[in-house]
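Participant: coords below, sequence missing:
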(Lines give C-alpha, C1' and ligand atoms only; values in the text may rest on other atoms or scores of the structure.)
Protein backbone atom coordinates (compact mmCIF):
# COMPACT_ATOMS: atom_id res chain seq x y z
CA UNK A 1 0.00 0.00 0.00
CA UNK A 2 1.48 3.35 -0.98
CA UNK A 3 1.65 5.63 2.03
CA UNK A 4 0.99 9.28 1.26
CA UNK A 5 3.13 11.64 3.33
CA UNK A 6 1.17 12.39 6.48
CA UNK A 7 2.36 15.54 8.19
CA UNK A 8 1.56 15.18 11.85
CA UNK A 9 1.42 18.85 12.77
CA UNK A 10 0.98 18.29 16.49
CA UNK A 11 4.15 16.17 16.68
CA UNK A 12 6.09 18.50 14.38
CA UNK A 13 4.99 21.54 16.39
CA UNK A 14 6.01 19.74 19.59
CA UNK A 15 9.46 19.17 18.13
CA UNK A 16 9.65 22.80 17.10
CA UNK A 17 8.53 24.30 20.42
CA UNK A 18 8.71 22.01 23.46
CA UNK A 19 11.84 20.17 22.31
CA UNK A 20 13.47 22.84 20.16
CA UNK A 21 16.31 23.53 22.58
CA UNK A 22 17.14 19.86 23.13
CA UNK A 23 17.00 18.91 19.47
CA UNK A 24 18.80 22.06 18.48
CA UNK A 25 21.72 21.21 20.71
CA UNK A 26 21.98 17.64 19.43
CA UNK A 27 21.79 18.80 15.80
CA UNK A 28 24.39 21.52 16.28
CA UNK A 29 22.11 24.55 16.04
CA UNK A 30 19.98 26.82 18.17
CA UNK A 31 16.60 28.29 17.22
CA UNK A 32 16.96 32.05 16.73
CA UNK A 33 15.11 34.82 14.96
CA UNK A 34 16.01 34.86 11.27
CA UNK A 35 18.54 37.57 10.45
CA UNK A 36 17.17 40.17 8.03
CA UNK A 37 20.48 40.55 6.19
CA UNK A 38 20.84 38.63 2.95
CA UNK A 39 23.63 36.10 2.42
CA UNK A 40 26.19 37.08 -0.22
CA UNK A 41 26.42 34.01 -2.50
CA UNK A 42 28.64 33.03 -5.44
CA UNK A 43 27.77 30.28 -7.91
CA UNK A 44 30.42 28.11 -9.59
CA UNK A 45 29.19 25.95 -12.48
CA UNK A 46 25.92 27.67 -13.27
CA UNK A 47 24.86 26.42 -16.69
CA UNK A 48 22.93 23.32 -15.61
CA UNK A 49 21.92 22.23 -12.10
CA UNK A 50 23.82 25.18 -10.68
CA UNK A 51 21.33 27.55 -12.24
CA UNK A 52 18.48 25.69 -10.54
CA UNK A 53 20.32 25.77 -7.19
CA UNK A 54 20.79 29.53 -7.46
CA UNK A 55 17.14 29.93 -8.40
CA UNK A 56 16.17 28.42 -5.06
CA UNK A 57 18.16 31.11 -3.21
CA UNK A 58 17.38 33.99 -5.56
CA UNK A 59 16.07 36.03 -2.62
CA UNK A 60 19.59 36.25 -1.23
CA UNK A 61 22.32 38.50 -2.68
CA UNK A 62 23.92 36.75 -5.66
CA UNK A 63 27.21 38.65 -5.98
CA UNK A 64 29.33 36.44 -8.26
CA UNK A 65 28.81 33.90 -11.03
CA UNK A 66 31.61 31.67 -12.31
CA UNK A 67 31.53 29.28 -15.26
CA UNK A 68 34.18 28.13 -17.71
CA UNK A 69 31.62 28.31 -20.56
CA UNK A 70 29.90 31.67 -20.72
CA UNK A 71 27.63 30.58 -23.57
CA UNK A 72 26.34 27.58 -21.60
CA UNK A 73 25.86 29.83 -18.57
CA UNK A 74 24.17 32.68 -20.45
CA UNK A 75 20.69 31.96 -19.09
CA UNK A 76 21.83 32.21 -15.47
CA UNK A 77 23.92 35.30 -16.19
CA UNK A 78 20.76 36.93 -17.52
CA UNK A 79 18.82 36.17 -14.34
CA UNK A 80 21.41 37.82 -12.09
CA UNK A 81 22.77 40.78 -14.08
CA UNK A 82 24.14 42.47 -10.96
CA UNK A 83 26.61 39.63 -10.24
CA UNK A 84 30.24 39.87 -11.34
CA UNK A 85 31.17 37.24 -13.93
CA UNK A 86 34.18 34.94 -13.80
CA UNK A 87 35.72 31.91 -15.46
CA UNK A 88 38.32 30.99 -12.82
CA UNK A 89 36.99 30.35 -9.31
CA UNK A 90 40.41 31.03 -7.83
CA UNK A 91 40.45 34.60 -9.14
CA UNK A 92 36.85 35.05 -8.00
CA UNK A 93 37.69 34.08 -4.42
CA UNK A 94 40.76 36.33 -4.45
CA UNK A 95 39.11 39.41 -5.96
CA UNK A 96 35.73 39.24 -4.18
CA UNK A 97 36.41 38.78 -0.46
CA UNK A 98 32.87 39.91 0.33
CA UNK A 99 31.56 36.51 -0.82
CA UNK A 100 30.18 34.63 2.19
CA UNK A 101 28.96 31.39 0.58
CA UNK A 102 29.73 29.37 -2.55
CA UNK A 103 27.40 27.02 -4.45
CA UNK A 104 29.23 24.43 -6.61
CA UNK A 105 27.62 22.50 -9.46
CA UNK A 106 30.52 21.71 -11.76
CA UNK A 107 31.40 18.24 -13.12
CA UNK A 108 32.37 15.78 -10.37
CA UNK A 109 36.10 15.88 -10.99
CA UNK A 110 36.37 19.55 -9.96
CA UNK A 111 34.17 19.49 -6.85
CA UNK A 112 36.96 18.90 -4.33
CA UNK A 113 39.33 21.58 -5.64
CA UNK A 114 36.65 24.27 -5.59
CA UNK A 115 35.07 23.26 -2.28
CA UNK A 116 38.46 23.05 -0.55
CA UNK A 117 39.47 26.50 -1.83
CA UNK A 118 36.17 27.97 -0.64
CA UNK A 119 36.47 26.40 2.82
CA UNK A 120 40.06 27.60 3.19
CA UNK A 121 38.82 31.09 2.31
CA UNK A 122 36.28 30.85 5.14
CA UNK A 123 33.16 30.49 2.97
CA UNK A 124 30.04 28.43 3.53
CA UNK A 125 29.77 25.73 0.85
CA UNK A 126 26.94 23.99 -1.00
CA UNK A 127 28.42 21.31 -3.28
CA UNK A 128 26.41 19.17 -5.65
CA UNK A 129 26.43 15.38 -5.38
CA UNK A 130 28.43 13.24 -5.43
CA UNK A 131 30.58 15.23 -3.05
CA UNK A 132 33.85 14.23 -4.75
CA UNK A 133 35.44 12.23 -7.53
CA UNK A 134 37.29 9.74 -5.30
CA UNK A 135 37.50 8.47 -1.72
CA UNK A 136 40.59 10.49 -0.75
CA UNK A 137 38.82 13.70 -1.76
CA UNK A 138 35.72 12.78 0.25
CA UNK A 139 37.76 12.31 3.42
CA UNK A 140 39.76 15.45 2.70
CA UNK A 141 36.62 17.60 2.42
CA UNK A 142 35.12 16.09 5.56
CA UNK A 143 38.26 17.05 7.49
CA UNK A 144 38.41 20.50 5.92
CA UNK A 145 34.77 21.23 6.76
CA UNK A 146 35.28 20.12 10.36
CA UNK A 147 38.30 22.42 10.65
CA UNK A 148 36.54 25.41 9.04
CA UNK A 149 34.88 26.71 12.18
CA UNK A 150 31.76 28.72 11.49
CA UNK A 151 31.41 27.43 7.93
CA UNK A 152 28.33 25.43 6.97
CA UNK A 153 29.20 22.86 4.28
CA UNK A 154 26.51 20.62 2.78
CA UNK A 155 26.09 18.33 -0.23
CA UNK A 156 23.33 18.99 -2.75
CA UNK A 157 21.47 15.70 -2.52
CA UNK A 158 18.25 17.64 -2.09
CA UNK A 159 16.05 14.74 -1.13
CA UNK A 160 17.96 14.33 2.13
CA UNK A 161 15.79 17.22 3.28
CA UNK A 162 12.54 15.76 1.97
CA UNK A 163 9.75 14.60 4.24
CA UNK A 164 9.66 11.26 2.42
CA UNK A 165 13.28 10.38 3.13
CA UNK A 166 12.87 11.36 6.76
CA UNK A 167 9.75 9.25 7.13
CA UNK A 168 11.61 6.21 5.77
CA UNK A 169 14.43 6.78 8.25
CA UNK A 170 12.02 7.18 11.15
CA UNK A 171 10.09 4.03 10.23
CA UNK A 172 13.27 1.96 10.03
CA UNK A 173 14.72 3.34 13.25
CA UNK A 174 11.47 2.88 15.20
CA UNK A 175 11.33 -0.80 14.21
CA UNK A 176 8.20 -0.69 12.05
CA UNK A 177 9.64 -3.33 9.68
CA UNK A 178 11.70 -5.12 12.31
CA UNK A 179 15.38 -6.08 12.10
CA UNK A 180 16.91 -5.18 8.74
CA UNK A 181 19.54 -7.47 7.23
CA UNK A 182 19.16 -6.72 3.54
CA UNK A 183 18.71 -3.82 1.11
CA UNK A 184 18.20 -4.00 -2.67
CA UNK A 185 18.70 -0.78 -4.63
CA UNK A 186 18.68 -0.08 -8.34
CA UNK A 187 18.65 2.46 -11.14
CA UNK A 188 17.32 1.27 -14.47
CA UNK A 189 18.97 4.09 -16.45
CA UNK A 190 22.30 4.38 -18.24
CA UNK A 191 23.98 7.10 -20.27
CA UNK A 192 24.17 5.41 -23.65
CA UNK A 193 24.78 6.66 -26.27
CA UNK A 194 28.07 8.03 -24.98
CA UNK A 195 28.41 11.24 -26.89
CA UNK A 196 26.71 14.14 -28.55
CA UNK A 197 24.05 13.12 -31.07
CA UNK A 198 25.17 15.87 -33.45
CA UNK A 199 28.25 13.78 -34.21
CA UNK A 200 27.94 10.94 -36.68
CA UNK A 201 30.15 8.56 -34.71
CA UNK A 202 29.27 7.79 -31.10
CA UNK A 203 31.79 5.61 -29.31
CA UNK A 204 32.61 4.48 -25.80
CA UNK A 205 36.28 5.34 -26.24
CA UNK A 206 37.78 8.85 -26.44
CA UNK A 207 36.99 10.39 -29.84
CA UNK A 208 39.79 10.97 -32.32
CA UNK A 209 38.28 14.14 -33.82
CA UNK A 210 39.72 17.43 -32.56
CA UNK A 211 37.15 20.13 -33.30
CA UNK A 212 38.06 23.71 -32.36
CA UNK A 213 37.35 24.80 -28.82
CA UNK A 214 34.38 27.20 -28.75
CA UNK A 215 35.46 30.78 -28.17
CA UNK A 216 33.24 30.98 -25.10
CA UNK A 217 34.83 27.96 -23.38
CA UNK A 218 37.99 27.89 -21.23
CA UNK A 219 38.75 24.23 -21.92
CA UNK A 220 41.85 23.94 -19.75
CA UNK A 221 39.88 25.23 -16.75
CA UNK A 222 37.08 22.77 -17.55
CA UNK A 223 39.61 19.93 -17.41
CA UNK A 224 40.96 21.17 -14.09
CA UNK A 225 42.71 18.26 -12.31
CA UNK A 226 41.91 15.74 -15.07
CA UNK A 227 44.61 14.66 -17.49
CA UNK A 228 44.94 16.81 -20.56
CA UNK A 229 42.94 15.82 -23.63
CA UNK A 230 41.49 17.55 -26.69
CA UNK A 231 38.12 19.25 -26.45
CA UNK A 232 35.15 17.38 -27.85
CA UNK A 233 31.38 17.90 -27.45
CA UNK A 234 31.08 14.29 -26.30
CA UNK A 235 32.33 15.58 -22.93
CA UNK A 236 30.82 19.04 -22.62
CA UNK A 237 28.15 20.05 -22.16
CA UNK A 238 26.13 17.47 -20.17
CA UNK A 239 27.70 14.19 -21.38
CA UNK A 240 30.63 14.19 -18.96
CA UNK A 241 28.90 11.93 -16.39
CA UNK A 242 29.43 8.87 -18.60
CA UNK A 243 33.22 9.29 -18.61
CA UNK A 244 35.22 8.05 -15.63
CA UNK A 245 37.76 10.89 -15.86
CA UNK A 246 35.03 13.43 -15.13
CA UNK A 247 32.02 11.67 -13.60
CA UNK A 248 31.22 8.84 -11.22
CA UNK A 249 28.80 6.86 -13.35
CA UNK A 250 25.30 5.94 -12.26
CA UNK A 251 26.47 5.11 -8.73
CA UNK A 252 27.64 8.67 -8.22
CA UNK A 253 24.73 10.22 -10.07
CA UNK A 254 21.73 8.27 -8.73
CA UNK A 255 23.28 6.01 -6.11
CA UNK A 256 23.95 8.98 -3.83
CA UNK A 257 20.21 9.73 -3.90
CA UNK A 258 18.86 6.20 -3.83
CA UNK A 259 21.15 4.80 -1.12
CA UNK A 260 20.82 7.84 1.12
CA UNK A 261 17.81 6.79 3.22
CA UNK A 262 19.17 3.27 3.78
CA UNK A 263 22.68 4.44 4.70
CA UNK A 264 21.21 7.12 6.96
CA UNK A 265 18.73 4.88 8.77
CA UNK A 266 21.03 1.88 9.12
CA UNK A 267 24.43 3.54 9.67
CA UNK A 268 25.91 2.03 6.51
CA UNK A 269 29.28 3.74 6.20
CA UNK A 270 32.04 1.10 6.13
CA UNK A 271 31.44 -2.20 4.33
CA UNK A 272 33.71 -5.13 5.06
CA UNK A 273 33.63 -6.29 1.43
CA UNK A 274 32.36 -5.05 -1.93
CA UNK A 275 32.06 -7.44 -4.85
CA UNK A 276 31.21 -7.10 -8.53
CA UNK A 277 28.83 -9.94 -9.43
CA UNK A 278 28.05 -9.04 -13.05
CA UNK A 279 28.76 -6.31 -15.59
CA UNK A 280 27.95 -5.37 -19.19
CA UNK A 281 29.40 -2.74 -21.45
CA UNK A 282 32.05 -1.09 -19.27
CA UNK A 283 35.62 -0.23 -20.14
CA UNK A 284 38.37 1.95 -18.69
CA UNK A 285 36.77 5.08 -20.16
CA UNK A 286 33.01 4.85 -19.55
CA UNK A 287 30.63 3.52 -16.95
CA UNK A 288 28.84 0.20 -17.58
CA UNK A 289 25.47 -0.31 -19.22
CA UNK A 290 24.63 -2.76 -16.43
CA UNK A 291 26.33 -3.78 -13.20
CA UNK A 292 25.47 -5.71 -10.05
CA UNK A 293 27.53 -4.87 -6.97
CA UNK A 294 27.13 -6.50 -3.56
CA UNK A 295 28.19 -4.91 -0.28
CA UNK A 296 28.59 -6.79 3.00
CA UNK A 297 28.35 -4.53 6.05
CA UNK A 298 29.41 -5.87 9.45
CA UNK A 299 27.31 -5.57 12.61
CA UNK A 300 27.17 -1.93 13.74
CA UNK A 301 26.42 -1.27 17.39
CA UNK A 302 23.10 -2.98 18.01
CA UNK A 303 22.42 -3.50 14.30
CA UNK A 304 23.03 -6.85 12.59
CA UNK A 305 25.28 -7.54 9.62
CA UNK A 306 23.64 -6.46 6.36
CA UNK A 307 23.87 -7.27 2.65
CA UNK A 308 23.22 -4.48 0.15
CA UNK A 309 22.81 -5.20 -3.57
CA UNK A 310 23.09 -2.37 -6.11
CA UNK A 311 21.91 -2.85 -9.71
CA UNK A 312 22.75 -0.32 -12.45
CA UNK A 313 20.93 -0.32 -15.77
CA UNK A 314 18.18 -2.74 -14.76
CA UNK A 315 15.35 -3.37 -12.32
CA UNK A 316 15.97 -6.60 -10.39
CA UNK A 317 13.13 -9.09 -10.79
CA UNK A 318 13.51 -9.98 -7.13
CA UNK A 319 11.89 -6.68 -6.11
CA UNK A 320 8.62 -7.66 -7.79
CA UNK A 321 8.79 -11.17 -6.35
CA UNK A 322 9.36 -9.94 -2.80
CA UNK A 323 6.79 -7.16 -2.78
CA UNK A 324 4.21 -8.48 -5.23
CA UNK A 325 4.17 -4.93 -6.57
CA UNK A 326 5.50 -4.13 -10.02
CA UNK A 327 5.22 -0.43 -9.19
CA UNK A 328 7.55 -0.58 -6.18
CA UNK A 329 10.09 2.18 -6.66
CA UNK A 330 9.54 4.42 -9.67
CA UNK A 331 10.24 4.50 -13.38
CA UNK A 332 13.93 5.22 -12.85
CA UNK A 333 14.80 3.08 -9.84
CA UNK A 334 14.48 2.80 -6.10
CA UNK A 335 15.33 0.78 -3.03
CA UNK A 336 13.76 -2.04 -1.03
CA UNK A 337 14.64 -2.13 2.67
CA UNK A 338 13.88 -5.66 3.92
CA UNK A 339 13.10 -6.25 7.58
CA UNK A 340 12.06 -9.23 9.66
CA UNK A 341 8.46 -7.95 9.88
CA UNK A 342 8.02 -6.24 6.53
CA UNK A 343 9.59 -4.03 3.87
CA UNK A 344 9.75 -0.41 2.75
CA UNK A 345 10.13 0.44 -0.93
CA UNK A 346 10.83 3.91 -2.23
CA UNK A 347 11.61 5.55 -5.54
CA UNK A 348 14.92 6.89 -6.81
CA UNK A 349 14.31 9.94 -4.65
CA UNK A 350 12.43 8.98 -1.47
CA UNK A 351 10.41 12.20 -1.46
CA UNK A 352 6.82 11.06 -1.79
CA UNK A 353 6.63 7.70 -3.55
CA UNK A 354 7.24 5.13 -0.86
CA UNK A 355 5.29 2.10 0.30
CA UNK A 356 4.98 -0.39 3.13
CA UNK A 357 4.70 -4.12 2.57
CA UNK A 358 2.47 -5.61 3.97
CA UNK A 359 -0.46 -3.22 4.37
CA UNK A 360 -1.01 -4.32 7.95
CA UNK A 361 2.00 -2.22 9.07
CA UNK A 362 0.34 1.05 7.98
CA UNK A 363 -1.32 1.83 11.29
CA UNK A 364 1.89 1.22 13.23
CA UNK A 365 3.85 3.39 10.79
CA UNK A 366 1.48 6.30 11.37
CA UNK A 367 2.32 6.13 15.06
CA UNK A 368 6.09 6.14 14.55
CA UNK A 369 7.62 9.12 16.36
CA UNK A 370 8.87 12.05 14.31
CA UNK A 371 12.37 11.88 15.78
CA UNK A 372 14.11 14.09 13.21
CA UNK A 373 13.91 17.89 13.45
CA UNK A 374 11.34 19.45 11.13
CA UNK A 375 12.66 21.16 8.00
CA UNK A 376 10.98 23.76 5.83
CA UNK A 377 11.72 24.96 2.34
CA UNK A 378 14.10 23.72 -0.33
CA UNK A 379 17.38 21.99 0.44
CA UNK A 380 19.17 25.16 -0.66
CA UNK A 381 16.99 27.36 1.57
CA UNK A 382 17.68 25.08 4.54
CA UNK A 383 21.41 25.54 3.88
CA UNK A 384 21.02 29.33 3.78
CA UNK A 385 19.14 29.26 7.08
CA UNK A 386 21.91 27.17 8.63
CA UNK A 387 24.53 29.60 7.33
CA UNK A 388 22.65 32.34 9.19
CA UNK A 389 22.49 30.25 12.36
CA UNK A 390 18.77 29.70 12.07
CA UNK A 391 18.31 25.99 11.45
CA UNK A 392 19.85 22.52 11.29
CA UNK A 393 22.48 21.39 8.82
CA UNK A 394 21.05 18.87 6.34
CA UNK A 395 23.56 16.54 4.63
CA UNK A 396 26.66 18.11 6.15
CA UNK A 397 30.03 17.17 4.70
CA UNK A 398 30.81 14.54 7.34
CA UNK A 399 27.63 12.60 6.58
CA UNK A 400 27.82 13.36 2.85
CA UNK A 401 31.42 12.17 2.60
CA UNK A 402 30.53 8.82 4.18
CA UNK A 403 27.64 8.32 1.75
CA UNK A 404 29.81 9.35 -1.20
CA UNK A 405 32.51 6.90 -0.08
CA UNK A 406 30.01 4.04 -0.15
CA UNK A 407 29.19 4.79 -3.79
CA UNK A 408 32.87 5.16 -4.68
CA UNK A 409 33.52 1.70 -3.24
CA UNK A 410 30.86 0.33 -5.60
CA UNK A 411 32.67 1.98 -8.48
CA UNK A 412 35.95 0.56 -7.20
CA UNK A 413 34.49 -2.93 -7.57
CA UNK A 414 33.26 -2.04 -11.07
CA UNK A 415 36.74 -0.84 -12.05
CA UNK A 416 38.65 -3.81 -10.63
CA UNK A 417 36.17 -6.70 -10.76
CA UNK A 418 35.98 -9.44 -8.16
CA UNK A 419 35.91 -8.86 -4.41
CA UNK A 420 37.45 -6.01 -2.45
CA UNK A 421 38.24 -6.38 1.26
CA UNK A 422 37.90 -2.89 2.70
CA UNK A 423 39.75 -1.53 5.73
CA UNK A 424 37.96 1.75 6.39
CA UNK A 425 40.35 2.87 9.13
CA UNK A 426 43.40 2.52 6.89
CA UNK A 427 41.44 3.57 3.75
CA UNK A 428 42.84 0.53 1.94
CA UNK A 429 41.62 -2.38 -0.16
CA UNK A 430 43.71 -4.91 1.73
CA UNK A 431 43.55 -7.63 -0.92
CA UNK A 432 43.86 -5.36 -3.98
CA UNK A 433 46.90 -3.05 -3.95
CA UNK A 434 45.99 -1.87 -7.45
CA UNK A 435 42.98 -0.12 -5.94
CA UNK A 436 45.19 2.70 -4.63
CA UNK A 437 45.13 4.46 -8.01
CA UNK A 438 41.33 4.74 -7.80
CA UNK A 439 41.09 5.54 -4.09
CA UNK A 440 43.25 8.59 -4.76
CA UNK A 441 43.26 9.53 -8.43
CA UNK A 442 46.20 11.44 -9.87
CA UNK A 443 45.84 15.17 -10.51
CA UNK A 444 47.47 17.31 -13.15
CA UNK A 445 50.40 19.44 -11.97
CA UNK A 446 49.09 22.60 -10.38
CA UNK A 447 45.86 20.93 -9.22
CA UNK A 448 47.27 18.61 -6.57
CA UNK A 449 45.30 18.28 -3.35
CA UNK A 450 46.91 17.85 0.10
CA UNK A 451 47.19 14.56 1.97
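Facilitator: All right, it came through fine. Keep in mind it's a predicted model, so treat the numbers as computed, not measured. Numbers count the residues shown, from 1 in each chain.

Participant: how far away is the spatially most central residue of the chain from residue 323?
Facilitator: Of all residues in the chain, the one closest to the mean position by C-alpha atoms, centre = their mean is residue 129, 3.1 Å from it. Separation of residue 129 from residue 323 (C-beta to C-beta, to the nearest Å) stands at 27 Å. In this view, the C-beta of every residue, glycine as well, is placed from N, C-alpha and C.

Participant: hang on, the earlier thing: which residues touch the residue nearest to the centre of the chain?
Facilitator: Going by C-beta atoms under 8 Å, 6 or more residues apart in numbering, residue 129 touches 155-157, 252, 256-257, 400, 404.

Participant: and the end-to-end length of stretch 109-125?
Facilitator: 17 Å (C-alpha to C-alpha, to the nearest Å).

Participant: just to revisit the earlier point, now the contacts of residue 129 as CSV including pLDDT and neighbour count?
Facilitator: Shown next, in CSV, are these (pLDDT from 0 to 100; neighbours: other C-beta atoms under 10 Å):
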residue, pLDDT, neighbour count
155, 98, 32
156, 97, 24
157, 96, 25
252, 94, 22
256, 96, 26
257, 96, 26
400, 98, 28
404, 98, 32
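
Participant: counting contacts, what elements does whichever helix in the chain runs longest pack onto?
Facilitator: As assigned by DSSP state H, the longest helix anywhere in the chain is helix 397-416. Helix 397-416 makes packing contacts with helix 135-147, strand 153-155, helix 256-258, helix 260-266, strand 273-280, strand 290-297, strand 419-423, helix 436-439 when contacts are defined by 3 or more C-beta pairs under 8 Å, 6 or more residues apart in numbering; DSSP states H and E.

Participant: now that helix against strand 290-297, angle please.
Facilitator: Orientation check (axes from the mean of the first three to the mean of the last three C-alpha atoms, to 10 degrees): helix 397-416 against strand 290-297 gives 130 degrees.

Participant: and the contacts of residue 129 as JSON lines, adding distance to residue 211?
Facilitator: Converted to JSON lines, those look like this (distance: C-beta to C-beta, whole Å):
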{"residue": "155", "distance to residue 211": "34"}
{"residue": "156", "distance to residue 211": "32"}
{"residue": "157", "distance to residue 211": "35"}
{"residue": "252", "distance to residue 211": "27"}
{"residue": "256", "distance to residue 211": "32"}
{"residue": "257", "distance to residue 211": "34"}
{"residue": "400", "distance to residue 211": "37"}
{"residue": "404", "distance to residue 211": "33"}
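
Participant: what is the nearest of these to residue 164?
Facilitator: Checking the contacts of residue 129 against residue 164 by C-beta to C-beta gives residue 257 as the nearest, at 11.6 Å.

Participant: thinking again about what came up before, now the longest helix of the chain, how far from the centre of its chain.
Facilitator: Offset of helix 397-416 from its chain centre (C-alpha atoms, centre = their mean, to the nearest Å): 10 Å.

Participant: all strands of the stretch 101-250 of the chain, in order?
Facilitator: Here the stretch 101-250 of the chain has its strands, by DSSP state E, counting those that start in this stretch, at 101-104, 124-127, 153-155, 180-187.

Participant: in its sheet, what does the longest one sit against?
Facilitator: Note on strand 180-187: by DSSP bridges, its sheet partners are strand 306-312 (parallel), strand 333-339 (antiparallel).

Participant: any idea how far that strand is from the chain center?
Facilitator: For strand 180-187, the distance from its own C-alpha centre to the chain's C-alpha centre is 18 Å (C-alpha atoms, centre = their mean).

Participant: need the residues that contact it.
Facilitator: For strand 180-187, contacts defined as C-beta under 8 Å, 6+ apart pick out 172, 250, 254-255, 258-259, 262, 266, 268, 303-316, 318-319, 322, 329, 332-340, 348.

Participant: give me the buried subset of the residues you listed.
Facilitator: 172, 250, 254-255, 258-259, 262, 266, 268, 303, 306, 308-316, 319, 322, 329, 332-339, 348 (16 or more other C-beta atoms under 10 Å).
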